Every structure is written in structure tokens, then in C-alpha cells.
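# this one's structure only:
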DNA sequence: TAGGCCATCTGGTCCT
DNA sequence: AGGACCAGATGGCCTA
């Protein structure tokens, strides 16, 4: 607390004025404590938000790195990365489906394991094309062979 | 210099 | 209550 706020008032001429002034000081101090507290909370919240956004950017960078390479100096923007990823996944899925039909093989269970919402959510979303696999069972541990074939 | 992209701050809302 | 998430505001940097 600022020492200035705790000093006695030079203008307080009698006890009544002084106690009134003391009350004002208390109110002021309380406000000060509140705003200092709020300030600290805000700084912490800003820090968390910064950290969250850095994590988000890390994830975006990871995504950029696994997408097919563009010319070295052409860094995709965030929105481009997301759109490219969407289109790329769509294209891969389409390719897989064609392959599947031609060879009568089911590759999609392996892909569904990568669903960010987890297997339960995967099932819940599968009818919305989240990562569609009609024959995937969330509580079952799939072997590598099963995932491959 | 205008417009796009980005990082950061901020206040509100929702969740645990 | 505290944290996560979100969207709006703002300012800096870069490029056509």
C-alpha cells in the first residue's frame, strides 16, 4: 500500500473530521487493494492467454510441417493452413475410399484414432463426418495389423 | 499508403 | 474462485 494513503490528514482539524478522513482513507485503501488485486489477476490472465495462443501457434506449426511442402519461403498463413489441411484430409480420405473399394480393405479405423475428441466423441460425431468409421469400437485396443488392414 | 496478418490485451462467459 | 475459451480492439510490421 502507498504510504501516502496511511498518513494522517493535515487538514483534519478535530476528532470528527479526522475519523471521517480516516474512513475515507480506508475506503480509498480498499479500492486500491481491489484494483491492485484486479491488476494482478489481469496480468496472470494475460500470461495464460499468451501461453494459450503460443500453444495454438505451436499446433498450427506442427500442422504446417506435416502438410505437403510448399516452396520453402512460402509460409502459409493461419487461415491458409487450416483450409489446406481441410482440403488435404478430404483428398486423402477420398483416395482411401477409392483404394478401399478397389481392394475391399478398411483403412479408416486407424485414421479415426487420431480424432482429437477421443474415441467416444469420435463415435458421437461419426455421423457428422468428423472422422467417419462405421465399424470402429472405442473400447477396443486395435493391433497394428488390424489398423493396417 | 492501404490492407492483410499477427501478437497482445481485455472483458465476458462458461466450466470445473 | 480460478482457469479456459472466445471475440473485439489496438498497434506493429510487411508488402503491393
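Arrived safely, thanks for sending. Since the structure is predicted, the reported quantities are computational estimates derived from the model, not experimental observations.

# Let me see the contact set for residue A:90.
Counting by Cβ atoms under 8 Å, 6 or more residues apart in numbering, residue A:90 makes contact with nothing. Backbone N, C-alpha and C define where each C-beta goes, glycine included.

# Would you mind pointing out the helix or strand the closest residue to DNA strand C within chain A falls in?
Using Cβ to the nearest atom of the strand, the closest approach of chain A to DNA strand C is made by residue A:48 at 4.0 Å. If you go by DSSP states H and E, residue A:48 is part of helix A:15-66.

# does the following helix or strand past that helix come close to DNA strand B?
Per DSSP H and E, the first helix or strand lying C-terminal to helix A:15-66 is helix A:78-103. Yes - for helix A:78-103 and DNA strand B, the contact criterion (Cβ under 7 Å from any atom of the strand) is met by A:78, A:79.

# Helix A:78-103 and DNA strand C in contact?
No - on the criterion Cβ under 7 Å from any atom of the strand, helix A:78-103 is out of touch with DNA strand C, staying 12.6 Å away.

# In that helix, which residues are buried?
For helix A:78-103, the neighbour count (16 or more other Cβ atoms under 10 Å) marks A:81, A:84, A:85, A:93, A:96 as buried.

# farthest-separated two in those?
Using Cβ to Cβ, the pair of the buried residues of helix A:78-103 lying farthest apart is A:81 and A:96, separated by 21.9 Å.

# so where is chain A shaky, pLDDT-wise?
A:1-37, A:69-73, A:107-149 (pLDDT under 70).

# near DNA strand C, which residues of it?
Applying Cβ under 7 Å from any atom of the strand, one finds that chain A approaches DNA strand C through A:41, A:44, A:45, A:48, A:49, A:52.

# What is the neighbour count of residue A:63?
The local packing of residue A:63 (other Cβ atoms under 10 Å) involves 16 other residues.
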